[in-house]
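J.: how would this look folded up:
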Amino acid sequence: MKIKALNGFKDILPDDVLLWRRVEEIARNVLERFHFAEIRLPVLEKTELFARSIGTDTDIVEKEMYTFVDKQVTMRPEATASLMRAYIQHSMHASRPVQRLFTMGPMFRHERPQKGRLRQFHQLNVEVLGSPSPRLDAEVMSLGEQLFSELGVTTNLEINSLGCPDCRPAYRLMLLAFIGDRLEQLCSDCKRRSKTNPLRVLDCKKPGCREQVKDAPSIIEHLCDNCSAHFSGVRNNLELLGVDYSVNKFMVRGLDYYVRTTFEFITDQLGAQSAVCAGGRYDGLIEMLGGPKIPGIGFAMGIERLVLLVKQSDQDPVANQHIDLFIAGLGDAAADYSFKLMHDLRRKGLRVDMDLDSKSLKSQMKQADKAGACYVLIVGSQELDNNKAPLRNMATGEQVELGLEPVSIHDYLIDQQRV
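T.: Numbering: from 1, shown residues only. Next up is the predicted model:
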């Protein structure tokens, strides 16, 4: 009986890795232009970190975390809490008043596997700590828009404000009264959420619940003066940057730490899983975890979903992958020479391969073609005697004679790349 990967855990095969690398490289390039620095975080954290930050009554903490109960440690279900822990532990606020940080890596949640959603999934997390400015909110969303644009992916940005501890309690009472009149028509999850976090009822995806809350009061209409001014500032700055958006009054986040700005980039290309990026402001989170009173905002992008979207855009990253040179060695002596030559050229920075089994020239030319080789160097006993070998351009079929010294071959190929 064959052993297979666990349900919700997936191998990323070589051709897909090329696409993943392309997505990650474009993301890093965009982030560097926005002056972000990478931070790498551990996979295991104390369970208390997520219970305190995400909220004990959230689905993630109640149902989805992979926790080693005897050790009281948990495989991270999201990265923001871990990043905040590192920020506080290493007093990063002391070295720079505003920190722009990102991290990429696997997260773990025991959810029902769906298209683009696995139990081990990968995220790009982007966080900015140290500024309450609505201009920063707009900049972070602009970064997300630029990343999607450079990946060739079409999304729509939706925004909302969740208010703050000053204005949310009064709205919560109003929402509870509205939900109470309709409680019997709601699903069991919404009935439970109405007692712990009634805002989550607005986010239920079940059609019956969505119908019941379609006329629910909007928190945007009940913001305090400071939150209202902040949200207006966010909208004005998005318009200043030319970032298209729409306001979704029912958008809430599944994590308790969000305040004020919340946003999602959504797509209609992934079925029910429409959000490919989500985030918001969490101004009290660092203080809640024992750090100084410092505001923050960030977002997470699901890389599996990004990869699916890029695939659907008909982009072919494999077509752009190639090796610079394939060496066809014919005979034992030529194969020995070719083997050393291959490694010498690799040390000089070229991508080089060869057949290690001394197959026929026809077979080796087929291998070179499958490998996407730009050039093939054909080395046999006569070429060794003359210290020269034909170099074939695989695109044009043209051949030139080159000396067999590594420097000659390297310099020629580098010159051709510049043409």
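J.: show me the shaky parts of the protein.
T.: 116, 254-256, 271-273, 314-321, 419 (pLDDT under 70).
J.: go again with 80.
T.: For the chain, the stretches with pLDDT under 80 are 56-59, 62, 114-117, 193-197, 200, 203-205, 252-256, 269-273, 313-321, 418-419.
J.: okay, which residue is most central for it?
T.: Among the residues of the chain, the one closest to the centroid is Leu124, at 3.3 Å (C-alpha atoms, centre = their mean).
J.: how about it, secondary structure?
T.: strand (DSSP: H, G, I helix; E, B strand; the rest coil).
J.: where along the stretch 1-150 of the chain do the helices fall?
T.: 14-33, 47-54, 59, 80-89, 134-151 (DSSP state H, counting those that start in this stretch).
J.: mean neighbour count and distance to Phe250 added to those helices, as a markdown table?
T.: C-betas here are computed from N, CA, C, even on glycine. Below are those laid out as a markdown table (neighbours: other C-beta atoms under 10 Å; distance: least, C-beta to C-beta, whole Å):
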| stretch | mean neighbour count | distance to Phe250 |
| --- | --- | --- |
| helix 14-33 | 15 | 29 |
| helix 47-54 | 19 | 21 |
| helix 59 | 17 | 18 |
| helix 80-89 | 21 | 23 |
| helix 134-151 | 20 | 19 |
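J.: go through these and name the closest to Arg305.
T.: Closest to Arg305 of the helices of the stretch 1-150 of the chain is helix 14-33 (C-beta to C-beta; 10.5 Å).
J.: and the contacts of that closest one?
T.: 12, 38, 102, 104, 124, 126, 143, 146-147, 150-151, 301, 303, 306-307, 310-311, 317-318, 321 (C-beta atoms under 8 Å, 6 or more residues apart in numbering).
J.: are any of these buried, and which?
T.: Among these, the ones that count as buried by 16 or more other C-beta atoms under 10 Å are 102, 104, 124, 126, 143, 147, 151, 301, 303, 306-307, 310, 317.
J.: among these, which one sits closest to Gln382?
T.: Pro317 (39.6 Å).
J.: out of the helices of the stretch 1-150 of the chain, flag the one nearest Lys362.
T.: Within those, the stretch nearest Lys362 is helix 14-33; the backing value is 25.4 Å (C-beta to C-beta).
J.: contacts for the helix or strand encompassing Asp324, please.
T.: Assigning secondary structure by DSSP states H and E places Asp324 in strand 323-329. Counting by C-beta under 8 Å, 6+ apart, strand 323-329 makes contact with 335-339, 341-342, 345, 350-355, 358, 361, 364-365, 367-368, 371-380, 409, 413, 417, all of which sit outside it.
J.: in helices only, show me those.
T.: 335-339, 341-342, 345, 361, 364-365, 367-368, 409, 413, 417 (DSSP state H).
J.: picking up where we left off before, so what's the residue nearest to the centre of the chain closest to, chain neighbours aside?
T.: Met301 (4.5 Å; C-beta to C-beta, 6 or more residues apart in numbering).
J.: SS state for that neighbour?
T.: From three-state DSSP, the assignment for Met301 is strand.
J.: verify the stated contact: it with Thr267.
T.: No - in this structure, Met301 is not within contact of Thr267 by C-beta atoms under 8 Å, at 11.8 Å.
J.: give the contact list for Thr155.
T.: Applying C-beta under 8 Å, 6+ apart, we find Thr155 in contact with Glu145, Phe148, Phe265, Ile266, Thr267, Val276, Cys277.
J.: what subset of those residues is buried?
T.: Buried members of these, scored by 16+ other C-beta under 10 Å, are Glu145, Phe148, Phe265, Ile266, Thr267, Val276, Cys277.
J.: mind putting the residues you listed into TSV with distance to Arg192 and secondary structure?
T.: Formatted as TSV, those follow (distance: C-beta to C-beta, whole Å; DSSP: H, G, I helix; E, B strand; the rest coil):
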residue	distance to Arg192	secondary structure
Glu145	36	helix
Phe148	35	helix
Phe265	29	strand
Ile266	26	strand
Thr267	30	coil
Val276	28	strand
Cys277	28	strand
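J.: in a markdown table: those, plus distance to Gly329.
T.: Below are those laid out as a markdown table (distance: C-beta to C-beta, whole Å):
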| residue | distance to Gly329 |
| --- | --- |
| Glu145 | 51 |
| Phe148 | 46 |
| Phe265 | 51 |
| Ile266 | 54 |
| Thr267 | 49 |
| Val276 | 48 |
| Cys277 | 49 |
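J.: for Ala395, state which of the residues you listed is nearest.
T.: Phe148 (33.0 Å).
J.: any idea which of the buried ones among the contacts of Thr155 is the one closest to Ala170?
T.: Ile266 (29.5 Å).
J.: now that closest one: how far from Pro207?
T.: Per C-beta to C-beta, to the nearest Å, Ile266 is found 18 Å from Pro207.
J.: also Val376?
T.: 60 Å.
J.: sec struct for the closest residue to Asp203 other than its chain neighbours, please.
T.: Nearest non-adjacent residue to Asp203, counting by C-beta to C-beta, 6+ apart: Val252, 4.8 Å away. Under three-state DSSP, the three-state class of Val252 is coil.
J.: tally of neighbours for Val252?
T.: Neighbour count of Val252, defined by other C-beta atoms under 10 Å: 20.
J.: verify the stated contact: it with Asn160.
T.: Yes - with contact defined as C-beta under 8 Å, Val252 reaches Asn160; the gap is 7.4 Å.
J.: shared neighbours, those two?
T.: Shared contacts of Val252 and Asn160, defined by C-beta under 8 Å, 6+ apart, comprise Thr262.
J.: which among the contacts of strand 323-329 end up buried?
T.: 335, 337-338, 341-342, 345, 350-355, 364-365, 367-368, 371-380, 409, 413.
J.: wait, Pro198 touches Arg182, no?
T.: No - in this structure, Pro198 is not within contact of Arg182 by C-beta under 8 Å, at 11.7 Å.
J.: which of those two has more neighbours?
T.: The neighbour comparison of Pro198 against Arg182 (other C-beta under 10 Å) goes to Pro198, with 22 against 17.
J.: still on that earlier bit, would you turn the helices of the stretch 1-150 of the chain into CSV with distance to Pro97?
T.: Putting those into CSV (distance: least, C-beta to C-beta, whole Å) gives the following:
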stretch, distance to Pro97
helix 14-33, 20
helix 47-54, 23
helix 59, 35
helix 80-89, 13
helix 134-151, 13
